[in-house]
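Peer 1: the following comprises the amino acid sequence and a computationally predicted model.
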Amino acid sequence: MRMIPRSQFFRSVLTLSLVLLPTLVMANDYPNSVCADCHSDTGGEPTIVSDADLFGSVHEDLSCTDCHTGIKELPHSPDLPDPSCGSCHDDTEDTYIQHGRGIVGESPHVPACQDCHGWHRILSHSNTKSKVHPSNLPQTCGTCHEDQNFLAMLNIKFKHPIEVYLSGVHGKATAGGKDTAASCNDCHSTGGSAHRILPPGEHDSTINFFNISATCGKCHSTIQEEFEAGIHGEFVARGEVDAPTCTHCHGEHGILATDDPRSPVSPFRVAEATCSPCHDSAKLNEKYDLPSGRLQSYVDSYHGLKSRAGDKTVANCSSCHGAHLVLPSSDPRSSVAPENLSITCGSCHRGMSAEKAVKTKIHEPVTGAAEGWPFYVRTIYLVMIILIIGGMVIYCLLDWLRQVRNVLRKEQVRRMEADEVVQHTLLAISFSVLVVTGFSLRFYDAWWAKLIFGYEGGAYIRSLIHRGAAVVMVIGSIWHVGYLFTVKGRVFLKDIAPTWLDAKQVWGMFMYNLGRTDEHPRMRRFSFVEKAEYWALIWGTVVMVLTGVAMWFEKFLVMYIGKGLMEIFLIIHYYEAWLAFLAIVVWHMYGVVFNPHVYPMNPSWLNGKMPRDMFEVEHPAAQSPGNVDKVKRMGLERDV
């Protein structure tokens with residue numbers, strides 16, 4: 001082989017360099033070292049980029065101008081076009097056309113490549129330091145999906161998906177370094193591509209209702225097969241959107257371990273939190289011809305009571321019916337099919353025979369008819385309860401009535417006149433009716449409200465009775481105001497008015513009841529207890545009448561006072577009702593019934609009279625028990 005002279009070789013290299021140099025410059029292929037002259041140690045302007053930023057990157061062997069095109073001269077324009085990743089990753093560019101509800105090129109909020117992968121130090125997804133490594137995806141995705149302002153702007157209702165995910169078994173496993181645990185991309189990547197994340201409304205979306213079992217099945221393949229072979233999976237495949245799928249029972253992002261008591265599928269909660277929302281639904285039971293009352297019958301059973309007591313080993317829904325391969329009892333493969341009950345029940349109850357298992361009623365309704373000895377025992381106890389407790393009630397009632405007769409036989413003093421008794425009676429009846437009809441509107445689903453007004457048209461009847469009682473109370477109040485202008489009324493008003501003595505007696509009663517003194521305050525005709533009741537009644541009546549009238553004529557008044565003020569009226573009316581009701585139950589009932597000096601009751605509400613000994617104990621400083629007696633003592637008898 002003939003050797004080329006050295007001088008000729010150098011001349012050839014020099015010639016080739018002179019020929020290629022203009023071509024390289026024209027191609028704008030500046031070496032990285034030239035870029036580093038401006039982009040090193042700049043203090044941030046222009047952007048600092050060094051070889052260290054590219055070290056270990058998947059783009060380590062590329063030059064700056066491979067991505068940053070459009071540089072025609074140095075120094076270059078600060079407004080360079082964004083790098084086009086698709087010039088190399090054209091297959092990915094073709095795939096990445098949508099992210100959630102956002103369309104690439106149309107929505108300005110769709111993440112760009114660098115939002116997920118980074119800028120210069122782009123690492124392989126298998127690198128634990130990569131932004132798209134499974135352990136780092138929650139933080140990467142959370143940049144947008146935990147930004148509350150961003151979510152509100154796009155009307156995304158799930159406010160803390162990453163926070164919830166990190167609290168679940170998948171998030172904890174990923175954070176603990178387990179790369180195989182499900183991370184964001186495992187569930188949301190359609191077709192195995194993280195660049196194709198579709199919203200649940202899309203047919204191909206991995207989180208579309210009909211695809212969820214397949215998505216979860218990528219990791220839980222055996223469970224997927226069991227679910228899809230069961231009745232729930234069968235209904236989902238048929239297109240029944242009210243059938244449960246994986247996320248209905250386990251949750252979406254915050255999936256908890258089955259032994260976590262907070263989990264909806266934990267032994268403590270599976271019946272009430274997971275199964276009952278469907279199996280206690282009247283709509284679904286009617287649609288699928290399912291028996292009702294399953295939850296209540298389980299809760300009241302031995303199994304349910306033991307579960308509530310904290311026993312994790314006692315049978316729950318999934319213990320008998322299965323967790324994923326749930327089949328109807330008519331299916332011979334079902335764990336609750338008659339021919340399989342001995343095996344299912346026998347897993348806990350050793351030696352369970354097939355005959356006994358079939359005869360045992362697991363979901364016997366609480367009010368249903370038992371059979372055999374359970375029926376006889378239940379009947380005997382019901383009869384015993386009716387006879388024994390009924391006898392006790394009759395005895396107590398007769399004894400109480402006898403005590404009331406004994407009180408009425410004592411020497412009496414007149415506390416109220418006939419017209420005053422009628423006023424009190426009107427008030428008591430109208431108040432009681434208003435409480436029942438008012439609270440039955442607020443607590444319409446309570447058993448007692450259903451019992452009284454649960455029939456068709458009951459709501460209308462309730463409103464009529466409530467307003468009728470309100471009218472009666474208003475009439476009684478007007479009568480009382482007129483009464484206050486009479487001689488008796490003026491005397492009553494003067495005696496019922498608060499004085500400084502009342503404040504002293506309040507303090508005296510506290511000291512007496514605390515044992516700090518043995519001197520009981522000597523109450524006059526009306527004690528501070530009765531005065532507080534009376535003026536609270538006046539205040540409450542005014543408030544309830546004004547707010548009640550406003551709500552009665554809401555459609556007319558709302559145009560003048562606005563909806564905001566009507567809401568305030570509603571709140572006042574409701575809580576004032578509670579205040580009045582509790583005051584009567586606690587304060588008034590103690591004063592006229594349960595006070596040891598008064599029991600079994602102060603009978604003045606019946607006939608206007610009370611025993612003299614009771615009056616003298618309750619009002620030792622009083623000179624007159626009633627209005628007429630005091631009027632006579634004042635010499636104004638002719639004016640009564």
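Peer 2: Arrived safely, thanks for sending.
Peer 1: C-alpha from now on. contacts and neighbour counts both.
Peer 2: Fine.
Peer 1: how about the helices in the stretch 401-550 of the chain?
Peer 2: Applying DSSP state H, counting those that start in this stretch to the stretch 401-550 of the chain gives helices spanning 418-442, 447-453, 458-483, 487-496, 500-513, 528-552.
Peer 1: run the chain-centre distance for the first one.
Peer 2: For helix 418-442, the distance from its own C-alpha centre to the chain's C-alpha centre is 36 Å (Cα atoms, centre = their mean, to the nearest Å).
Peer 1: show residues contacting that helix.
Peer 2: Helix 418-442 is contacted by residues 446, 448-449, 453, 459, 462-463, 465-466, 469-470, 472-473, 476, 479-480, 577, 581, 604-608 when judged by Cα atoms under 8 Å, 6 or more residues apart in numbering.
Peer 1: for that helix, which positions count as buried?
Peer 2: Residues of helix 418-442 classed as buried by neighbour count (16 or more other Cα atoms under 10 Å): 420-424, 426-427, 430-431, 433-435, 437-438, 440-441.
Peer 1: ok, now the shortest one?
Peer 2: Buried positions in helix 447-453, judged by neighbour count with 16+ other Cα under 10 Å: 449, 453.
Peer 1: just the C-alphas of it, formatted as PDB.
Peer 2: Below are the C-alpha coordinates for helix 447-453, written out as PDB (Å, rounded to 0.1, in the frame of the first residue of the first chain):
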ATOM      1  CA  TRP A 447     -89.800   8.200  63.500                       C
ATOM      2  CA  TRP A 448     -92.100  10.300  65.500                       C
ATOM      3  CA  ALA A 449     -92.500  12.900  62.700                       C
ATOM      4  CA  LYS A 450     -93.300  10.100  60.200                       C
ATOM      5  CA  LEU A 451     -95.800   8.600  62.700                       C
ATOM      6  CA  ILE A 452     -97.700  11.900  62.900                       C
ATOM      7  CA  PHE A 453     -97.300  13.500  59.500                       C
END
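Peer 1: what's in contact with that helix?
Peer 2: 440-441, 443-444, 458-459, 461-462.
Peer 1: at 10 Å instead, please
Peer 2: Helix 447-453 has contacts (Cα atoms under 10 Å, 6 or more residues apart in numbering) with 436-437, 439-445, 454, 458-462.
Peer 1: closest one of these to Asn340?
Peer 2: Asp445 (40.3 Å; Cα to Cα).
Peer 1: what's the pLDDT at that closest one?
Peer 2: Per-residue pLDDT puts Asp445 at 87.
Peer 1: where in the stretch 501-640 of the chain is pLDDT low?
Peer 2: Under the criterion pLDDT under 70, the flagged ranges of the stretch 501-640 of the chain are 626-640.
Peer 1: now the strands for it?
Peer 2: Secondary structure of the stretch 501-640 of the chain (DSSP state E, counting those that start in this stretch): strands located at 609-611.
Peer 1: which residue ranges make up the domains of this structure?
Peer 2: 24-77, 99-289, 374-409, 411-639 (automatic domain parsing).
Peer 1: would you mark the buried spots in the shortest one?
Peer 2: Of the residues in domain 374-409, those buried by neighbour count under the rule 16+ other Cα under 10 Å are 404, 407-408.
Peer 1: nearest spatial neighbour of the most centrally placed residue in the chain, skipping sequence neighbours?
Peer 2: By Cα atoms, centre = their mean, the mean C-alpha position of the chain lies nearest to Ala273, the distance being 12.4 Å. Excluding its sequence neighbours, the residue lying closest to Ala273 (Cα to Cα, 6 or more residues apart in numbering) is Pro264, at 5.5 Å.
Peer 1: and what of Leu295?
Peer 2: Closest to Leu295 by Cα to Cα, 6+ apart is Ser276, at 6.0 Å.
Peer 1: right, and the helix or strand after the lowest-mean-pLDDT helix or strand in the chain?
Peer 2: For the chain, scoring each helix and strand by mean pLDDT, DSSP states H and E identifies helix 6-26 as the least confident one, at a mean of 49. Using DSSP states H and E, the next helix or strand after helix 6-26 towards the C-terminus is helix 32-39.
Peer 1: show me what that following helix is packed against.
Peer 2: helix 51-54, helix 64-67 (3 or more Cα pairs under 10 Å, 6 or more residues apart in numbering; DSSP states H and E).
Peer 1: residues contacting the last one, please?
Peer 2: By that I understand helix 64-67. Residues contacting helix 64-67 (Cα under 10 Å, 6+ apart): 27-36, 49, 59, 71, 81-85, 87-88, 120.
Peer 1: for the first one, same thing?
Peer 2: Where contact means Cα under 10 Å, 6+ apart, the residues beyond helix 51-54 that reach it are 32-33, 36, 40, 60-62, 119-123.
Peer 1: got the CA positions of that helix in CSV?
Peer 2: What follows is helix 51-54, C-alpha atoms only, in CSV (Å, rounded to 0.1, in the frame of the first residue of the first chain):
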residue,chain,number,x,y,z
ASP,A,51,-22.1,20.9,31.7
ALA,A,52,-23.0,19.7,35.2
ASP,A,53,-26.6,20.3,34.4
LEU,A,54,-26.4,17.9,31.5
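Peer 1: in that helix, what counts as buried?
Peer 2: Within helix 51-54, the residues scored as buried using 16+ other Cα under 10 Å are Leu54.
Peer 1: now that helix: average pLDDT?
Peer 2: The model assigns helix 51-54 a mean pLDDT of 74.
Peer 1: can you check stretch 397-409 too?
Peer 2: On average, the pLDDT along stretch 397-409 is 94.
Peer 1: residues in contact with that stretch?
Peer 2: Residues from elsewhere that reach stretch 397-409 (Cα under 10 Å, 6+ apart): 391-396, 598-604, 607, 609-611, 614.
Peer 1: and that stretch, how far from the chain's centre?
Peer 2: In terms of Cα atoms, centre = their mean, the centre of stretch 397-409 is found 50 Å from the chain centre.
Peer 1: same check on stretch 453-469?
Peer 2: When C-alpha coordinates are averaged (Cα atoms, centre = their mean), stretch 453-469 and its chain have centres 30 Å apart.
Peer 1: how about stretch 80-98?
Peer 2: 45 Å.
Peer 1: could you tell me the end-to-end distance of that stretch?
Peer 2: 26 Å (Cα to Cα, to the nearest Å).
Peer 1: report the buried residues of it.
Peer 2: Residues of stretch 80-98 classed as buried: 83, 93, 96-98 (neighbour count, 16+ other Cα under 10 Å).
Peer 1: now for these: which two are most distant?
Peer 2: Greatest spatial distance among the buried residues of stretch 80-98 (Cα to Cα): Pro83 and Gln98, at 19.4 Å.
Peer 1: pull out the buried residues from the contacts of helix 418-442.
Peer 2: Looks like the contacts of helix 418-442 have 449, 453, 459, 462, 465-466, 469-470, 472-473, 476, 480, 577, 581, 604-605, 608 buried, using 16+ other Cα under 10 Å.
Peer 1: show me the contacts for the residue nearest to the centre of the chain.
Peer 2: 249, 263-266.
Peer 1: looking at those residues, which has the most residues close by?
Peer 2: Tallying neighbours with other Cα atoms under 10 Å puts Val265 at the head of these, with 26 neighbours.
Peer 1: that residue: which element?
Peer 2: Counting by DSSP H and E, Val265 is found in no helix or strand.
Peer 1: from Ala214, how far out is it?
Peer 2: Counting by Cα to Cα, the gap from Val265 to Ala214 is 20 Å.
Peer 1: just to revisit the earlier point, what's the neighbour count on the residue nearest to Leu295?
Peer 2: For Ser276, using other Cα under 10 Å, the count is 16.
Peer 1: where's whatever helix or strand it lives in relative to the chain centroid, distance-wise?
Peer 2: Element membership for Ser276 (DSSP H and E) is helix 276-279. With Cα atoms, centre = their mean as the basis, helix 276-279 stands 17 Å off its chain's centre.
Peer 1: repeat that for stretch 184-200.
Peer 2: Centroid separation for stretch 184-200 versus its chain: 31 Å, with Cα atoms, centre = their mean.
Peer 1: got the end-to-end distance for it?
Peer 2: With Cα to Cα as the measure, what separates the two termini of stretch 184-200 is 14 Å.
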